[in-house]
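1. below are the sequence and a predicted model; questions follow.
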Amino acid sequence: MNAPDPSGPAGPDLAGPEKPKRRPRYRGSHPRQFHEKYKEHQADRYAEDVEKVLARGKTPAGTHRPIMVREILECLAPQPGAVAVDCTLGYGGHARELLRAVQPGGRLLAVDADPLELPKTEARLRALGFPQESLQIRRMNFAGVAQWIAQETPGGADVMLADLGLSSMQIDDPARGFTFKVEGPLDLRMNPHRGQPASVLLAKISEKELRLILEENADEPRAESLAKALLQARQRTPIETTTALANVVRTTLPEADTDAAVRRVFQALRIAVNEEFTALETFLRQLPGCLAPGGRVAILSFHSGEDRRVKQAFKAGLRDGSYCEIAEDVLRASPEERRANPRSTSAKLRWAKRGS
Ligand SMILES: C[S@@+](CC[C@H](N)C(=O)[O-])C[C@H]1O[C@@H](n2cnc3c(N)ncnc32)[C@H](O)[C@@H]1O
């Protein structure tokens, strides 16, 4: 069943008043599946119900709660009239705050690799009433954002943000194949129109390559036995769904904490199919050149492979004079935020400033 589109198409309806959409049918008294949660998908219409979901520490289906917003605004200190760049637009929570902070007279350039969520986010942001010209959005990988910034603001951006990884809309939608908790195609692509799904990668990868991916992308301590087991399993039946992959991992490692191992296997494959480390390294190399003198960047990362790269790039930039100041320590979400939004628990925030 398709999700009701929470943003809905705007504009005149030439066919007359639209018939209210029927809510999806579901078993039992409450919707349980992602696409059945029609109230959460229509946050504007069912604000009270959505508040109740938030109060339980959950993320309403089809939305994303921005992480460490206050801390990011403190690090970046965006000013009215400034040019801000959001390199990972997602649901637009950080973008909305940046857009607000650069008014009047400022601009936000925003990109995301995801062609499915981007139009919905753009519609939501445009409905907020900021001047239309103050928001420019492009679907692109942030590895290519330097070129766009050079065209749009040749003097460089005043503030930049990258909030790495996945949005909750992507994680929670079984059709995207990111969650191992529900049956779905083993896809794991941020842009499902590009590259190959994880099932195809898994069907042809060698045992050695798979072991390396598990070690390098997810620090998986049992990479060798998992790689062997996955290749043996695929000889019996192709691994084409999220639950099939999770079951192979679980049966290979029947002892405690197999969920953590399943999570690491998914993370390793996701990083591989999206070429996330290549994109991040390209972005980090080009970053100082994207900033105006005195410009600041903040990066939120969610696992050690990302944080290590950000930390090393900022330190190298400080040594070679590309940056004049960088975060001494990583910043973490407050205990209150972690309680309210458990997805903020693993977030690490670092910032850097280009010299004037
Ligand atoms: C954690 S979410 C961002 C959430 C956003 N800050 C908000 O407030 O809603 C990460 C987003 O980055 C996007 N993304 C990840 N890697 C990317 C890349 N290399 N280029 C462009 N977008 C990317 C994902 O598609 C996802 O939408």
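-> Perfect, thanks for sending it. Remember, predicted model here, so these are calculated numbers, not experimental data.

2. residues from the stretch 1-150 of the chain in reach of the ligand?
-> The interface of the stretch 1-150 of the chain toward the ligand, taken as C-beta under 6 Å from any ligand atom, is made up of 64, 66, 88, 90-94, 111-114, 141-143. In short, each C-beta sits where N, CA and C put it, glycine included.

3. in strands only, show me those residues.
-> Members of these lying in strands (criterion: DSSP state E): 111-112.

4. least confident of the residues of the stretch 1-150 of the chain next to the ligand?
-> Minimum pLDDT across those is recorded for H64, with 89.

5. residue contacts, the closest residue in space to that residue that isn't next to it in sequence?
-> Nearest residue to H64, sequence neighbours excluded (C-beta to C-beta, 6 or more residues apart in numbering): Y91, at 3.6 Å. By C-beta atoms under 8 Å, 6 or more residues apart in numbering, the residues touching Y91 are 63-64, 66, 117, 121, 124, 167-169.

6. just those now: which is nearest R194?
-> Out of the contacts of Y91, the one with the shortest distance to R194 is E117. That distance is 14.8 Å, counting by C-beta to C-beta.

7. give the contact list for that closest one.
-> Listed by C-beta under 8 Å, 6+ apart, the contact set of E117 reads 90-91, 167, 169-170.

8. what does L226 give?
-> Here L226 is in contact with 210-211, 214, 220, 249, 252-253, 261, 265 (C-beta under 8 Å, 6+ apart).

9. cutoff 7 Å now
-> Residues touching L226, when contacts are defined by C-beta atoms under 7 Å, 6 or more residues apart in numbering, comprise 214, 220, 249, 252, 265.

10. now swap in E215 and tell me
-> In this structure, E215 makes contact with A223, judged by C-beta under 7 Å, 6+ apart.

11. quick one: name whatever helix or strand follows the particular helix or strand that has it in it.
-> When elements are assigned from DSSP states H and E, E215 belongs to helix 207-218. Stepping forward along the backbone from helix 207-218, the first helix or strand reached (DSSP H and E) is helix 223-236.

12. quick one, phi/psi of I299?
-> Note on I299: its backbone torsions stand at phi -130, psi 130 [degrees, to the nearest 10].

13. okay, and the beta partners of it?
-> Bridge pairing for I299 (DSSP bridges) gives the partners A162, R350.

14. any idea how far it lies from H64?
-> Relative to H64, I299 is positioned 17 Å away (criterion: C-beta to C-beta, to the nearest Å).

15. neighbour-wise, which of the two wins?
-> Remark: of I299 and H64, I299 carries more neighbours, 30 against 23, as counted by other C-beta atoms under 10 Å.

16. was I right to think the more buried one contacts V310?
-> Yes: applying C-beta atoms under 7 Å as the test, I299 and V310 come out as touching, 4.9 Å apart.

17. for the two, list the residues in contact with both.
-> What both I299 and V310 touch, as defined by C-beta under 7 Å, 6+ apart, is the set R350.

18. who's in contact with S304?
-> Each residue near S304 by C-beta under 7 Å, 6+ apart is listed here: D219.

19. if I look at P293, how far off is the ligand?
-> Plainly put, P293 is 26 Å away from the ligand if you go by C-beta to the nearest ligand atom, to the nearest Å.

20. stretch 116-131: which residues count as buried?
-> By neighbour count on 16 or more other C-beta atoms under 10 Å, the buried set for stretch 116-131 is 116-118, 120-125, 130.

21. for stretch 240-256, that is, sorry about that
-> When neighbours are counted by 16+ other C-beta under 10 Å, the buried residues of stretch 240-256 are found to be 240-246, 248-249, 252-253.

22. can you get me a residue count around whichever residue of the stretch 251-356 of the chain sits closest to the ligand?
-> Residue of the stretch 251-356 of the chain nearest the ligand, by C-beta to the nearest ligand atom: A279 (3.8 Å). For A279, the number of neighbouring residues by other C-beta under 10 Å comes to 18.

23. can you verify it is assigned to a helix?
-> Yes: under DSSP: H, G, I helix; E, B strand; the rest coil, A279 falls within a helix.

24. shaky segments in the chain?
-> Across the chain, the ranges flagged by pLDDT under 70 are 1-40, 42, 46, 48-58, 256.

25. just the closest residue of it to the ligand, please.
-> For the chain, the residue positioned closest to the ligand under C-beta to the nearest ligand atom is G90, at a distance of 2.5 Å.

26. my guess is that residue contacts R65, does it?
-> No: judged on C-beta under 7 Å, G90 makes no contact with R65 at a distance of 10.2 Å.

27. so between those two, which is more surrounded?
-> When neighbours are counted by other C-beta under 10 Å, G90 and R65 differ, and G90 comes out ahead with 23 against 18.

28. got a list of what the more buried one touches?
-> Contacts for G90 (C-beta under 7 Å, 6+ apart) come out as 64, 112, 163, 167.

29. how far away is the second one from E220?
-> In this case it means D112. As defined by C-beta to C-beta, D112 lies at a distance of 28 Å from E220.

30. more neighbours, these two?
-> Between D112 and E220, counted using other C-beta under 10 Å, D112 has the larger neighbour count: 26 against 22.

31. does the more buried one touch L89 like I think?
-> Yes: in this structure, D112 is within contact of L89 by C-beta under 7 Å, at 4.1 Å.

32. and of the buried residues of stretch 240-256, the nearest to G105?
-> T242 (46.5 Å).

33. looking at this, R194 is in a strand?
-> No: secondary structure assignment (three-state DSSP) places R194 in coil, not in a strand.

34. count of neighbours near it?
-> The number of residues near R194, taken as other C-beta under 10 Å, comes to 12.
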